[in-house]
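S.K.: need a 3D model of the following:
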Amino acid sequence: MASSRKLVIYAALIGNSLIAVMKFAAALITGSSAMFSEGVHSVVDTGNQILLLYGLKQAQKPADKRFPFGHGKEIYFWSFVVAILIFAVGAGISIYEGIHSLTDPHPLENLQINYIVLGLAIIFEGAAWFFALKEFNQAKGDKGYIEAVQRGKDPSMFVVLFEDSAALLGLFVALIATYLTQVTGNLVFDGLASIIIGCILAGTAIWLAKETKGLLIGEAANNYVVDGIHKLAANIENIDHVNEVLTMHMGPDFILVNISVEFRDEATANDIEDAVTALDERITAEYENVKRVFVEAEARHSIISQ
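M.R.: Okay, here's the model as predicted:
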């Protein structure tokens, strides 16, 4: 899974790096505000992919005394930073550039270069988007796209897909604006396109921030995992009642589990020890992402009264 994440990010990184150079070259030659905004967009995306790769690397660091549950949440933190950068840098500069173009328009030259660069960018970006979509489809299984994002615990997959989707949409906006500017001679379309691209980036950033915030705070495992753990615990000998199953994702591949159970009154210390051992083994065997299991012995009424 980790290798798939890195392949998706590397594909986007290479594509965006090449596209950014072409876009800025085209913006310099033609004077297009929309093309400049697209160049900023690609630079931001390139930087974001570097941050995601750094986050993945940091997340692989082993647990230590200071971080006893590992560094898995690093990828959540850096994914949230990516969302902030898209909003603050990408959207901010694009909207500013668009407003500046509307208030102080300059004639555009050599628009054929825009068409060539945008065409190549759509091909490169489309290839990266298709690769990211393919990997995301494999990861999401039978779930719908929105449900997969909302229930997904690995932001590196959907962050890249959302970035690539926003990039493709922005490219088509710039392409339409270039055509309308050439046909009508009205420079307002170039500035409007830059503002629209900024709004697309802002919307993408807000959505990504919303989805990664929950993971950063500490989301529970998906319902089927929690329910499955509850059933496994209920079938362990000498466990009379399962009071509560609490879970938290400490990273995409690390689930922390805390179970409150009531043991049978006649259970001895050895019986309880055997039950806890059996419960731990069954849960970790059934759910490979469960790395740590804590079992609390509590009477049923004490949970109800809390």
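S.K.: when you work out contacts or count neighbours from here on, use the C-alpha atoms and nothing else.
M.R.: OK.
S.K.: now the one helix or strand Asn48 maps to: average pLDDT?
M.R.: Following DSSP states H and E, the helix or strand that holds Asn48 is helix 33-59. For helix 33-59, mean pLDDT rounds to 88.
S.K.: which strands and helices sit next to it?
M.R.: Judged by 3 or more Cα pairs under 8 Å, 6 or more residues apart in numbering; DSSP states H and E, the packing partners of helix 33-59 are helix 2-30, helix 74-85, helix 92-103, helix 155-184, helix 188-217.
S.K.: how about those helices, which one is nearest Ser260?
M.R.: helix 188-217 (22.3 Å; Cα to Cα).
S.K.: which secondary structure elements does the closest one contact?
M.R.: With contacts taken as 3+ Cα pairs under 8 Å, 6+ apart, helix 188-217 sits against helix 33-59, helix 74-85, helix 92-103, helix 155-184.
S.K.: adding mean pLDDT, write the helices and strands packed on helix 33-59 out as CSV.
M.R.: Output for the helices and strands packed on helix 33-59, formatted as CSV (pLDDT from 0 to 100):
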stretch, mean pLDDT
helix 2-30, 83
helix 74-85, 90
helix 92-103, 89
helix 155-184, 87
helix 188-217, 89
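S.K.: want to throw the ones you listed into JSON lines with distance to Asp253 and mean neighbour count?
M.R.: Listed next are the helices and strands packed on helix 33-59 as JSON lines, based on distance: least, Cα to Cα, whole Å; neighbours: other Cα atoms under 10 Å:
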{"stretch": "helix 2-30", "distance to Asp253": "9", "mean neighbour count": "20"}
{"stretch": "helix 74-85", "distance to Asp253": "11", "mean neighbour count": "23"}
{"stretch": "helix 92-103", "distance to Asp253": "34", "mean neighbour count": "20"}
{"stretch": "helix 155-184", "distance to Asp253": "12", "mean neighbour count": "21"}
{"stretch": "helix 188-217", "distance to Asp253": "12", "mean neighbour count": "22"}
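S.K.: could I get the ones you listed as CSV with distance to Val257?
M.R.: Below are the helices and strands packed on helix 33-59 laid out as CSV (distance: least, Cα to Cα, whole Å):
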stretch, distance to Val257
helix 2-30, 22
helix 74-85, 19
helix 92-103, 41
helix 155-184, 21
helix 188-217, 16
